[in-house]
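>>> Quick one, structure for this:
(chains A and B)
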Amino acid sequence: SQTIHQWPATLVQPVGSPLSLECTVEGTSNPNLYWYRQAAGRGLQLLFYSVGIGQISSEVPQNLSASRPQDRQFILSSKKLLLSDSGFYLCAWSVLKHTEAFFGQGTRLTVV
Amino acid sequence: AQKVTQAQTEISVVEKEDVTLDCVYETRDTTYYLFWYKQPPSGELVFLIRRNSFDEQNEISGRYSWNFQKSTSSFNFTITASQVVDSAVYFCALSERVGYQKVTFGTGTKLQVIP
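Numbers count the residues shown, from 1 in each chain, chains lettered A, B, ... in the order given. Modelled structure (predicted):
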């Protein structure tokens, strides 16, 4: 069966510090991978998606970047965090277009 | 542009009551997909159902049922005989037929089931 791992679960970082959140998927090949952010009291906003190694598309211009160094690994990064980067970050995967996405357990990031 | 509206921000019901969560969507596409997800306090989103735009048949899964009506652009979710474990935030989402899975989520409805 397929599983998705996302870590860390919680993170407190000072403004201006770098960020690296990692997500890995097991049990499937060539998944579509996504990074979402959920601000407090709001819906999910798609940040990045990837259909293959090295293929990253950004939905929203921001202080963040994403990379996919391996087929089942998706990394969310920032060189310098802003206060507005605080939120709940969710990694997700899907097999085909328009099929349901399966989510990781999320990382709650607080920038102080 | 696609849009999903969940007008109910929070709902409280007493255990065993039925509750309906509303979802209204907007899209210019004739082919699209609708989803419902549950987000319990742990934070992880749990997939509940997917519907494509050509299948208006209502679906029932245990205590859960979904009413899809293209005429009103709605995809409502009903929980029958609610239980405390149903307490969560529920998200409706829409995916249009583009080159990738561009999914737009509603802002969610927080359901609290009171024992």
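>>> Which residue lies nearest the spatial centre of chain A?
In chain A, the residue lying closest to the centroid (CA atoms, centre = their mean) is A:Trp35, at 3.1 Å.
>>> Adjacent strands (with direction) for the helix or strand harbouring it?
Using DSSP states H and E, A:Trp35 sits in strand A:32-38. Sheet pairing for strand A:32-38, assigned by DSSP bridges, gives strand A:44-52 (antiparallel), strand A:87-94 (antiparallel).
>>> Least confident of the ones you listed, on average?
Lowest mean pLDDT within the strands paired with strand A:32-38: strand A:44-52, a mean of 90.
>>> Report the buried residues of whatever helix or strand comes next after that strand.
For strand A:44-52, the following helix or strand on the C-terminal side (DSSP H and E) is strand A:55-58. Neighbour counts over strand A:55-58 (16 or more other CB atoms under 10 Å in any protein chain shown) mark A:Ile56 as buried. Glycine gets a C-beta too; all of them are placed from N, C-alpha and C.
>>> other SSEs contacting strand A:55-58?
strand A:44-52, strand A:65-70 (3 or more CB pairs under 8 Å, 6 or more residues apart in numbering or on different chains; DSSP states H and E).
>>> Mind listing residues that contact the helix or strand bottoming out on mean pLDDT in chain B?
Least confident helix or strand of chain B, by mean pLDDT, DSSP states H and E, is strand B:103-105 with a mean of 86. Residues outside strand B:103-105 that contact it (CB atoms under 8 Å, 6 or more residues apart in numbering or on different chains): A:43-46, A:101, B:2-4, B:35, B:37, B:91-95.
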